[in-house]
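Student: Need a 3D model of the sequence below.
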Amino acid sequence: MSFTVQTLEFISENYMRNDRQWFKDHKADYEKLVLAPFAELLQTLAPVMEKIDPQLICTPKCVSRIYRDARYVRGGAVFRDSLWCSVRRKKASAYDLVPEFYFYISLEGFGYGCGYYRTSTAAMEQLRKMAFSGDKTFKAAKKAFENQSRFYLAGEMYKKNRFPDCKSDILDWVNRKSICLCYDSADPQELFSDSLFARIAEDMLSAAPVYKLYAKMEEQAAAEALAKK
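Tutor: Residues are numbered from 1 along each chain as shown. Model prediction:
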């Protein structure tokens, strides 16, 4: 079951009403129109995630809650106007910064990708070391990115170029505070397409070398931190 115009209509009406009782009365619609497509997407992605990294958790539990965090409501909107799923390894704590595969849907559009919401300073330092040394994992990730046209490279850039002497072809990677591969679309027909889930799975698989770079960044950052203790 793909996402439909009714999916967006439900998210919009639920957000605008901001009424817990209305949501409770229409929970069956939520499960059918919102949760069911997410579950099917994750089912489509599961074998791809297993192939990329057996430690990735890809189940319906990866879908965000439609309720906003009660700590930030304070009389405002109780419900979200966007939802997402995040496929990643099990986190040691809620504060861990880990790479993930993600998909989101909102009233403005949808998108998906592979990367970090926020990358740790230690992990980014490892990326730079690999980029400057010509590490084969970095080269494979860079090549995979350059051989596709779906994703763009995102993440906060330093306002001033910190590496004026480095090669221009790696500057977009190293002169960042955080990093992520992203695809965004405001085309509802693409969102409603029966072929979207298969396309996402194909694109996620193409991003595997970049995910492996993230994994190596994390492993080396952890090893370096342990060595300093």
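
Student: State the pLDDT value of the spatially most central residue of the chain.
Tutor: Among the residues of the chain, the one closest to the centroid is residue 102, at 2.9 Å (Cα atoms, centre = their mean). For residue 102, the model assigns a pLDDT of 98.

Student: does the closest residue to it other than its chain neighbours belong to a helix or a strand, and which?
Tutor: Using Cβ to Cβ, 6 or more residues apart in numbering and skipping residues adjacent in sequence, the residue nearest residue 102 is residue 86, 5.0 Å away. Every C-beta, even on glycine, is put in place using the N, C-alpha and C of the backbone. Assigned by DSSP states H and E, residue 86 belongs to strand 82-87.

Student: Please enumerate residues in contact with that strand?
Tutor: With contacts defined as Cβ atoms under 8 Å, 6 or more residues apart in numbering, strand 82-87 is touched by 11, 34, 38, 41-42, 45, 49, 56-58, 62-64, 66, 100-107.

Student: gap between that strand and the chain center?
Tutor: Offset of strand 82-87 from its chain centre (Cα atoms, centre = their mean, to the nearest Å): 8 Å.

Student: Past it, which element shows up next along the chain?
Tutor: strand 100-106.

Student: How many residues are close by the residue nearest to residue 102?
Tutor: Using other Cβ atoms under 10 Å, residue 86 has 16 other residues around it.

Student: Likewise for the one 3 residues further on?
Tutor: Residue 89 has 16 neighbouring residues, counting by other Cβ under 10 Å.

Student: ok, for it, nearest residue in space, not its chain neighbours?
Tutor: Leaving out its chain neighbours, the residue that sits closest to residue 89 by Cβ to Cβ, 6+ apart is residue 55, at 4.7 Å.

Student: circling back to that earlier point, from the contacts of strand 82-87, which would you call buried?
Tutor: 11, 34, 38, 41-42, 45, 49, 56, 58, 62-63, 66, 100-105 (16 or more other Cβ atoms under 10 Å).

Student: how about low-confidence regions in the chain?
Tutor: Applying pLDDT under 70 to the chain flags the ranges 70-76, 92, 94.

Student: Which parts of it are helices?
Tutor: 5-17, 20-25, 27-30, 36-52, 121-133, 136-146, 168-174, 188-191, 196-206, 208-228 (DSSP state H).

Student: Which among those helices is found nearest to residue 156?
Tutor: If you check each of the helices of the chain against residue 156 by Cβ to Cβ, helix 121-133 wins as the nearest, at 10.4 Å.

Student: So which elements touch that closest one?
Tutor: helix 136-146, helix 168-174, helix 208-228 (3 or more Cβ pairs under 8 Å, 6 or more residues apart in numbering; DSSP states H and E).

Student: Tell me the spacing between the closest residue to residue 12 other than its chain neighbours and residue 10.
Tutor: Leaving aside its sequence neighbours, residue 12 sits nearest to residue 107 (Cβ to Cβ, 6+ apart; 5.6 Å). Distance, residue 107 to residue 10, by Cβ to Cβ, to the nearest Å: 11 Å.

Student: and what of residue 18?
Tutor: Remark: distance between residue 18 and residue 10 (Cβ to Cβ) = 14 Å.

Student: Same drill for these two, tell me which one is more crowded.
Tutor: Legend: neighbour count by other Cβ under 10 Å for residue 18 and residue 10, higher for residue 10 (19 against 13).

Student: Settle this for me: the more buried one is touching residue 31, isn't it.
Tutor: No: counting by Cβ atoms under 8 Å, residue 31 is not a contact partner of residue 10; they are 10.4 Å apart.

Student: Residue 99 - how many residues pack around it?
Tutor: As a burial measure, residue 99 scores 25 neighbours (other Cβ under 10 Å).
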